[in-house]
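>>> With the input below, show me the fold.
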Amino acid sequence: MTESHCDPPVGRLLNTETRFIRLLVALSLMIAAAPFVGVLQASFGRWWAGTLFEVVFAFMLLSAALAVATRVNQRRLTVTLALICTVLSWFAYQYDAFGLRLSKDLLAVFFLGYVIVLIVGYLFHQRRVTNDMVAGSLCAYLLIGVCWAVIYSIVNEISPQSFNLPENESIGFTGKNTVNSLYFSLVTLTALGFVDITPASNVARILTSAEALVGQIYLVVLVARLVGMQNAVDLGDEQQQHPSG
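Okay, here's the model as predicted:
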């Protein structure tokens, strides 16, 4: 992901040293907003609560699309996918139709997976640790959690008995159920352990185990990469200051 592939003046706008910092802010806003959907729905109605969250969700999707877009075709693909996913998400919430929910979730998994691959590829091609690279590392980690939250939503859509939940609660990446999906996914990703939501089906158990494994592998490999890069930079600086011979 280099700036040489970008088109001016759009390239200068998209490929700044803060693109992942902006994405990290958008992700944080979305995660922070999820618990309040139910409260807003009770106070202001379903339409307003859903619309406000979809705006935050759309902001996150577009931030992700623009953060990883370094070529014209790549930018067209990511932005188009983000816009389609946003529209499907809004209709899925407003009309609460199974087909819309499933289509939106499947597209979201594809989009988020694509973004994660691009970010990880970028991270492993860098030679120097920067603030934006650290932000990108955090973005990829959180996006893994969001992507798995959507996967759990798909599983629960197809098989509603896949998770044991508190009474009157459900898992889904739509409306007030979004917080349950994110909560369960982030708890699994960080290996904190199950509390009030547990996997009940074999598919759900395998997926939760896989997410926990991916989360731990990502952290181990990433930390090793960052430490190795910093050591290489420090060694290079030391050799420049004290050249041999």
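
>>> element containing the spatially closest residue to K104 that is not a sequence neighbour, please.
Leaving aside its sequence neighbours, K104 sits nearest to L88 (CB to CB, 6 or more residues apart in numbering; 3.9 Å). All C-beta spots, glycine's among them, are computed from the backbone N, C-alpha and C. Assigned by DSSP states H and E, L88 belongs to helix 72-95.

>>> Return the distance of whichever helix or strand comes after that helix from the chain's centre.
Downstream of helix 72-95, the next assigned helix or strand under DSSP H and E is helix 98-123. Counting by CA atoms, centre = their mean, to the nearest Å, helix 98-123 is centred 8 Å from the centre of its parent chain.

>>> Remind me what helix 98-123 packs against, helices and strands.
helix 46-68, helix 72-95, helix 131-158 (3 or more CB pairs under 8 Å, 6 or more residues apart in numbering; DSSP states H and E).

>>> Show the average pLDDT along the last one.
Going back to what we said before, that points to helix 131-158. Mean pLDDT, computed over helix 131-158, is 93.

>>> right, and the helix or strand after that helix?
Remark: after helix 131-158, the chain's next helix or strand is strand 163-164, criterion DSSP H and E.

>>> next one: the next helix or strand after that following strand to chain centre, how far?
Next in sequence after strand 163-164, counting helices and strands by DSSP H and E, comes helix 178-189. Mean C-alpha position of helix 178-189 versus that of the full chain (CA atoms, centre = their mean) differs by 12 Å.

>>> re earlier: could you dump the helices and strands packed on helix 98-123 into CSV with mean neighbour count and distance to G215 added?
Shown next, in CSV, are those (neighbours: other CB atoms under 10 Å; distance: least, CB to CB, whole Å):
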stretch, mean neighbour count, distance to G215
helix 46-68, 20, 19
helix 72-95, 17, 24
helix 131-158, 21, 7
